[in-house]
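Enquirer: the sequence and its predicted three-dimensional model are supplied below.
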Amino acid sequence: MKITEEIVDYVSVLSRLKLPREEKGKMVGELESILEYMDILNQLDTSGVEPMSHVFPVKNVTRTDEVVPSFDRAALLQNAPVPDEEAFLVPKTVE
Amino acid sequence: MSWEIVIGLETHVELATRSKIFCSCTTEFGGDPNTHCCPVCTGMPGTLPVLNQAVLEYAVRAGLALNCSITKYNKFDRKNYFYPDLPKAYQISQLYLPVCRDGAVPIKTGAGEKTIHIHEIHMEEDAGKLVHDPWIDQTRADYNRCGVPLIEIVTEPDFRSADEVIAYLEKLKSTLQYLGVSDCKMQEGSLRCDVNLSVRPVGSAEFGTRTEMKNLNSFKAIGRAIEYEAKRQIEAIEEGKRIIQETRRWDDNKDASYAMRSKENAQDYRYFPEPDIPPVELTEDYLTETRQGLPEMAEAKVERYQAQFGLPAYDSEMITGQKALADFFEAAVVLGTPAKLVSNWIMGEVMKKLKDCAMEAADMKLTPPTLARLIALVEGGTLNRNTAVKVFDAIFAEDGDVDAYVREHGLEQVSDTGLVQSVVEAVFAANPKSIEDYKAGKEKAFGFLVGQTMRELKGKADPKVVNDTIRTLLQEQ
Ligand SMILES: [Zn+2]
């Protein structure tokens, strides 16, 4: 797949990233080299191989439905870039 | 040209587990913002989500009850989107191997019976709540709901009218409530519905372009939104316009829907297998056990109420329509109250009250012992039926004390024939004209005399005693 500046723009919108002009060209190159590597992998014949859904050979890792006291709010909010005393603050998103 | 409406539904149901889907925070509704949260459900880096067994069990129960085939080899997928209601920037969901497929739900409408097919049911996590604060022009994110388990039930485009949609949702809600899988409270967001709608000329085999409507918060809103959107599409097509595939937001106050901005329409979720959750394999034994553990459902109760209590089919269907009513009925009958009397009160006064108060049976405070007591007072002759309804009205809201209310308001029925007789005689003396009328064959006059007597006795008299006394005394005139 040929990466164009339009694709870089589209992916950056989906990822909420603002790329300066000069970085876009760089991204075109980097994304393309990643996809080229995928092309190499795609040359392998994988017909008859089950698609892998998980890297470790484990399954059925579950927990019982029990409530444990939640985290201290102040401690949680410490990690927020902009909190007030009770919530994470984010730029206006709803219409 | 006549048009056919084609509708498919996506229904999100919050599961009634105690803890969240991937962490041990409580799922309890409400709470101060961000107090039901931990590093897992606020998406802190380095945390590891672990699947709640009960979520799996509830999803399988729902699938079995909705006649689905259950996927034995389950896995989760990551649905990527950047929106601050989802702090991880992705939602853990199931795309490729949903837990249930190919279900069927029989429904009944005025137009007859039909089957709605379920395309799939998958498990996923709920998102947080965003509240914009115009004062600081910023949005507050509250992640208490984030990570509450959901199942999304997707139907085939099988509906042809709003009636069918409502009938299906009623059925779905009742089924999930019987299963104990969800409380299905629309006002608390535990049952949410997106409507996919298109129109096509009657007889056409192809589907038209569909729109998706969100933010439908009541069955009433769903009905109105369907009507509105079908009309909008038909008018547009008849004017030669094309329908654009888009997501529309229903505004209940304005009774209209609006296209959401294109940015919110961008649907490129770049799903990939969820690396944090290992696959889940369900054995045949597990499915058999779950199937055997399913509670008695509405259909079985309808049969049993007829066989065990001799209730008419109609009563049985009405009462089992809501699990809370069926539970109420059974609890009152266990107390020794005749089943048909309980059923009459539930179908009459109780349902009327619920409708008037726009209340769910599950939220009703009235308890079975209170209704049982009221019925016992009527049967024992202490209250007449009309007074009992007045007592019911007074005690319904707060489950008041029947005996105390009757005592305080002096409502005991007057069956003392001597007292009734003296009142009737006084009424006769005051209304000689009515007696003339009665003798001249006017039956209406009889009713008038009964009314006058009842009024004198403040409505508390046993109607049968009053009728008998008046008849007897009239013959003596
Ligand atoms: Zn948590």
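Expert: Okay, I see it. In this text the structure is predicted, and so the values were computed from the model without any measurement.

Enquirer: give me phi/psi at B:Leu294?
Expert: Dihedral pair for B:Leu294: phi -60, psi 140, per degrees, to the nearest 10.

Enquirer: with B:Arg407 instead?
Expert: Torsion angles, degrees, to the nearest 10, at B:Arg407: phi -60, psi -50.

Enquirer: how many neighbours does it have?
Expert: Look at B:Arg407: counted by other CB atoms under 10 Å in any protein chain shown, it has 11 neighbours. In short, each C-beta sits where N, CA and C put it, glycine included.

Enquirer: okay, which residue is most central for chain A?
Expert: A:Ser15 (7.9 Å; CA atoms, centre = their mean).

Enquirer: and that one, what is it in contact with?
Expert: Counting by CB atoms under 8 Å, 6 or more residues apart in numbering or on different chains, A:Ser15 touches B:Phe82.

Enquirer: look up phi and psi at it.
Expert: phi -90, psi 0.

Enquirer: and the gap between A:Lys2 and A:Val28?
Expert: A:Lys2 sits 9 Å away from A:Val28, going by CB to CB, to the nearest Å.

Enquirer: outline the domain layout of chain B.
Expert: B:3-285, B:298-408, B:417-475 (automatic domain parsing).

Enquirer: comparing the ones you listed by mean pLDDT, which bottoms out?
Expert: Ranked by mean pLDDT, the domains of chain B bottom out at domain B:417-475, with a mean of 83.

Enquirer: now whatever residue of chain A ends up closest to the ion: how far from A:Asp84?
Expert: Nearest residue of chain A to the ion, counting by CB to the ion: A:Ser70, 6.2 Å away. Separation of A:Ser70 from A:Asp84 (CB to CB): 19 Å.

Enquirer: B:Ala300 too?
Expert: Distance of B:Ala300 to A:Asp84, computed by CB to CB: 52 Å.

Enquirer: in CSV, list the C-alpha atoms belonging to stretch A:9-19.
Expert: Taking Å, rounded to 0.1, in the frame of the first residue of the first chain, the C-alpha atoms of stretch A:9-19 are listed here in CSV:
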residue,chain,number,x,y,z
ASP,A,9,-3.8,13.2,7.7
TYR,A,10,-6.6,10.7,8.0
VAL,A,11,-4.7,8.6,10.5
SER,A,12,-3.7,11.6,12.5
VAL,A,13,-7.4,12.7,12.7
LEU,A,14,-8.4,9.3,14.0
SER,A,15,-5.6,9.4,16.5
ARG,A,16,-6.3,13.1,17.5
LEU,A,17,-2.7,14.0,16.6
LYS,A,18,-1.7,17.3,15.2
LEU,A,19,1.3,16.9,12.9
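
Enquirer: tell me which other helices or strands the lowest-mean-pLDDT helix or strand in chain A touches.
Expert: One helix or strand of chain A scores below all others by mean pLDDT, DSSP states H and E: helix A:5-14, with a mean of 86. If contacts are counted by 3 or more CB pairs under 8 Å, 6 or more residues apart in numbering or on different chains; DSSP states H and E, helix A:5-14 sits against helix A:21-42.

Enquirer: how far does the helix or strand following the helix it packs on sit from the chain's center?
Expert: Proceeding N to C from helix A:21-42, the next assigned helix or strand is strand A:62-63, under DSSP states H and E. Chain-centre distance of strand A:62-63: 25 Å, with CA atoms, centre = their mean, to the nearest Å.

Enquirer: what sits up against strand A:62-63?
Expert: So strand A:62-63 is in contact with B:24, B:50-53, B:56, B:280, going by CB under 8 Å, 6+ apart.

Enquirer: could you restrict those residues to the ones contacting chain A?
Expert: B:24, B:50-53, B:56, B:280 (CB under 8 Å from any CB of the partner chain).

Enquirer: filter those down to just the buried residues.
Expert: When those are checked for burial by 16 or more other CB atoms under 10 Å in any protein chain shown, the buried set is B:24, B:50-52, B:56, B:280.
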